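Q: I'd like to go over a predicted model; first the sequence, then the structure.
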Amino acid sequence: MEHFSRFSFSRWVGILLKEFIQLKRDRLTFGMIVGIPIIQLLLFGFAINSDPKHLPTAVVMADPGPFARAYVAAMANSDYFRIVGQVDEHQASELLDRSKVQFVVTFPPGFHRDLVRGRSPTLLVEADATDPMATGGAISVLKSLGIEVFAPDLQGLQRVPTPPVELRIHRRYNPEGITAYNVVPGLLGVILTMTMVLMTGLAMTRERERGTFENLLATPATPLEVMTGKIVPYILIGLLQVTLVLLAARWLFDVPMHGSLLLLYAVVLLFICANLTLGITFSSIARNQLQAMQMTFFFFLPSMLLSGFMFPFRGMPEWAQVIGNVLPLTHFLLLVRGILLKGNGVDMLWEQVWPILAFIVVVLGVGLKTFRRTLD
Amino acid sequence: MNGLVIDVAGINKRFGDKHVVKDLSLQVRQGEIYGFLGPNGSGKTTSIRMLCGLLTPDSGRGTCLGLDVLRESAAIKRQVGYMTQKFSLWDDLSIGENLDFVARMFGMRERQKAVDRSLDELGLSGRRQQLAGTLSGGWKQRLALAACLLHQPRLLLLDEPTAGVDPKARRDFWEEIHRLSTAGITILVSTHYMDEAERCHRLAYIAYGSLLATGTASEVVASCRLNTWEISGDRIHGLAEDLRGMAGVDQVASFGATLHVSGQDGARLQASLQTLSQVSDVRIVAVAPSLEDAFIHLMQHAQDPFAG
């Protein structure tokens, strides 16, 4: 017995080598070993920025004049604001609801006059505070804008008030800046992405791995029957999950629910469909359950990081936003926050709905094509 | 339908650069048990899958149950029972649930009745709640056969149905096959076992994708034109190597305690054996070549394109 229990170096090397050979053969795992660190590095290093700049800002100008223009120019120069244009009050509110702008700055009537007379005029700054993290930096910059803003026009000012303008900041949709208002609705999307893609991904590869798929194919069942028949149970599971999260959001976190719950469920259904289609497509590409799991992870990682769930969407560079816009989660987050926190109605949703629909159509196309009706 | 349930010609299938099935032509008559033989990887499973519509042939033409194998695979599937090589029912469904599911897939009208009848015939009525995964190999195979008979197919395609099944279950299985054949069901069965091959009405031998011989067992044997002698004695173990080098000896195979020596050139073989009988103490008797001798012969003369 003793003879066998000695640590054999050559045996050990044999095991080591076998492991490396198998790793090399398993290309997806190998891809993960190399790919995940690279993706993480790129995303965290370049794409993610928790102090977003160039936030789209609309200006409501009730009193146009050189001082107002100088102030707007100063905001733009700070790099935190990107002025998208002048609008009226009604349009401004809609832009906020539709998440088109992050800020609306309103110059009140008599802005010029008050400033000249040395009375600090009040500037109304409305921020879309659904994600408190996105607005923090910009607001503190705004507060620090001082008298030098008006330097070119200083000769027009007799007595300079300090501070030159009074800021009234409205944090719309989330006045107290509670992170949970943003995170909990977001979790809805993250949980659905994770479970829906993974569960359907495994559902089909399990059949293939166990050989039962061949039996299914030998019956007259059509691809559409198999695919949809496997999808529907998970739709129900997804709806159950959503209900659980919503109940927790309401009773544990006091997340406001301004919009229609029916509308919310409709949107959830659409999002579930997008994820299930992807899961089924993964499963028709993956050869075994491990691969399906790895593919899910490859999709889940950018979904978490680039959708605006963990980090402000507007803080990312253009290329990352382009990728983010392909992901259903990005649009779903806007939809859920829009409905729950902003009370958006059905007329406001189309802009986020069509990218999800497009995603479904494309992925379903790929899925049906790769679905091996026959085993070839 | 000219009495042919399967009638295909020139069927080819490639996977990548591997030519798995080459110009397969097969005629199977109504109600016969047709044995499909050949070494592992010879294209038997691929051929069966093409016949039941799971795979589309790259080229070729023909009919299965009078339906076009290239264009009407959906209709073929409805009338064919296909039993896969590996147990492919759902381990985590019970026996009853498995049968019920299969019945639903084939859109059977009196589903419950069919499932009950099938369970009765299997003798599993009392165990319908048992998970299929917990059945023994023999029972799994019986369940699989019952599942592919559920929709009353006219053609059964069985891919090595008795692999890994004990002798008693194997015998029972073949009795069932013959009963089905008597009832008019046509059966194509692939196997490695010689005794099973001999139970088939007709045979096809396929190696490396090419069909090498077809016909009844005796026709296949006759087509090889072998002369076979059986050698027995106490010290025949070391003899096989010596025999292989002798003139006229094409092949030597051991059958239990005896050796079968075969060759196409009967005269030369006989001469060699006569010399042998003078120098060693063995009994040499001329026998009729067996099916196995024939298969060994076919095997040796087939070219393996994948091996060097």
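A: Thanks, I have it. Numbering: from 1, shown residues only, chains lettered A, B, ... in the order given.

Q: so what's B:G138 up against?
A: The contact partners of B:G138, by C-beta atoms under 8 Å, 6 or more residues apart in numbering or on different chains, come to B:165-166, B:168-169. For glycine as for every other residue, the C-beta is placed from the backbone atoms N, C-alpha and C.

Q: Doesn't it lie inside a strand?
A: No - B:G138 is assigned helix when assessed by DSSP: H, G, I helix; E, B strand; the rest coil, not a strand.

Q: Can you tell me how far it is from A:L334?
A: As for B:G138, its distance to A:L334 is 60 Å (criterion: C-beta to C-beta, to the nearest Å).

Q: Which single residue in the stretch 101-250 of chain B comes nearest to chain A?
A: Closest to chain A within the stretch 101-250 of chain B is B:M105: 3.7 Å, counting by C-beta to the nearest C-beta.

Q: Around chain B, which positions in chain A sit nearby?
A: Contacts of chain A with chain B, taken as C-beta under 8 Å from any C-beta of the partner chain, map to A:210-222, A:374-376.

Q: hmm, which of those residues are the buried ones?
A: When burial is judged by neighbour count using 16 or more other C-beta atoms under 10 Å in any protein chain shown, the buried members of those are A:210, A:212-221.

Q: Just flag the most distant two among those residues.
A: Using C-beta to C-beta, these reach their maximum pairwise distance at A:R210 and A:P220, which is 21.0 Å.

Q: quick one: B:M50 is in a strand?
A: No - going by three-state DSSP, the assignment for B:M50 is helix, not a strand.

Q: Phi first, then psi, for the residue nearest to it when sequence neighbours are not counted.
A: Among residues not flanking B:M50 along the chain, B:P57 sits closest, at 5.1 Å (C-beta to C-beta, 6 or more residues apart in numbering or on different chains). When quoted as degrees, to the nearest 10, the phi and psi of B:P57 stand at phi -60, psi 150.

Q: For B:P57, grab the count of nearby residues.
A: Neighbour count of B:P57, defined by other C-beta atoms under 10 Å in any protein chain shown: 23.

Q: one step back: now the buried ones among the residues of chain A next to chain B as CSV including distance to B:L65, pLDDT and secondary structure?
A: CSV is the format used below for those (distance: C-beta to C-beta, whole Å; pLDDT from 0 to 100; DSSP: H, G, I helix; E, B strand; the rest coil):
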residue, distance to B:L65, pLDDT, secondary structure
A:R210, 29, 86, helix
A:T212, 25, 88, helix
A:F213, 24, 85, helix
A:E214, 20, 86, helix
A:N215, 20, 87, helix
A:L216, 21, 87, helix
A:L217, 18, 85, helix
A:A218, 15, 86, helix
A:T219, 16, 88, coil
A:P220, 14, 88, coil
A:A221, 19, 85, coil
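
Q: Enumerate the beta-bridge partners assigned to B:L37.
A: B:T191, B:Y205 (DSSP bridges).

Q: in the helix or strand of chain B with the lowest mean pLDDT, what's buried?
A: Here the helix or strand of chain B ranked lowest by mean pLDDT, DSSP states H and E is helix B:239-244, holding a mean of 82. For helix B:239-244, a neighbour-count test (16+ other C-beta under 10 Å) marks B:239, B:243 as buried.

Q: counting contacts, what elements does it pack onto?
A: strand B:251-255, strand B:258-263 (3 or more C-beta pairs under 8 Å, 6 or more residues apart in numbering or on different chains; DSSP states H and E).

Q: what's the closest of those to chain A?
A: For chain A, the closest of the helices and strands packed on helix B:239-244 is strand B:251-255, at 34.0 Å, according to C-beta to the nearest C-beta.

Q: Who are the packing partners of that closest one?
A: Counting contacts by 3+ C-beta pairs under 8 Å, 6+ apart, strand B:251-255 is packed against helix B:239-244, strand B:258-263, helix B:291-301.

Q: List the neighbouring strands of that strand plus their orientation.
A: According to DSSP bridges, strand B:251-255 forms sheet pairs with strand B:258-263 (antiparallel).

Q: what angle separates the strand it pairs with from helix B:291-301?
A: If you take axes from the mean of the first three to the mean of the last three C-alpha atoms, to 10 degrees, strand B:258-263 sits at 50 degrees to helix B:291-301.

Q: what's next to strand B:258-263, contact-wise?
A: Contact with strand B:258-263 is made by B:226-232, B:236, B:239-240, B:243, B:248-254, B:269, B:273, B:287, B:289-290, B:293, B:296-297, as judged by C-beta under 8 Å, 6+ apart.

Q: So among those, which ones count as buried?
A: Those of these that meet the buried threshold are B:226-231, B:236, B:239, B:243, B:248-253, B:269, B:273, B:289-290, B:293, B:296-297, by 16+ other C-beta under 10 Å.

Q: For A:Q40, give its distance to chain B.
A: 36 Å (C-beta to the nearest C-beta, to the nearest Å).

Q: List the contacts of that residue.
A: The contact partners of A:Q40, by C-beta under 8 Å, 6+ apart, come to A:L301.

Q: For the helix or strand containing it, give the mean pLDDT please.
A: Using DSSP states H and E, the element containing A:Q40 is helix A:27-42. In this model, helix A:27-42 has a mean pLDDT of 84.

Q: so what does the helix or strand just after it touch, helix or strand wise?
A: The helix or strand immediately downstream of helix A:27-42 is strand A:55-61, counting by DSSP H and E. Here strand A:55-61 touches helix A:66-77, strand A:81-86, helix A:89-97, strand A:103-107, helix A:132-144, going by 3+ C-beta pairs under 8 Å, 6+ apart.
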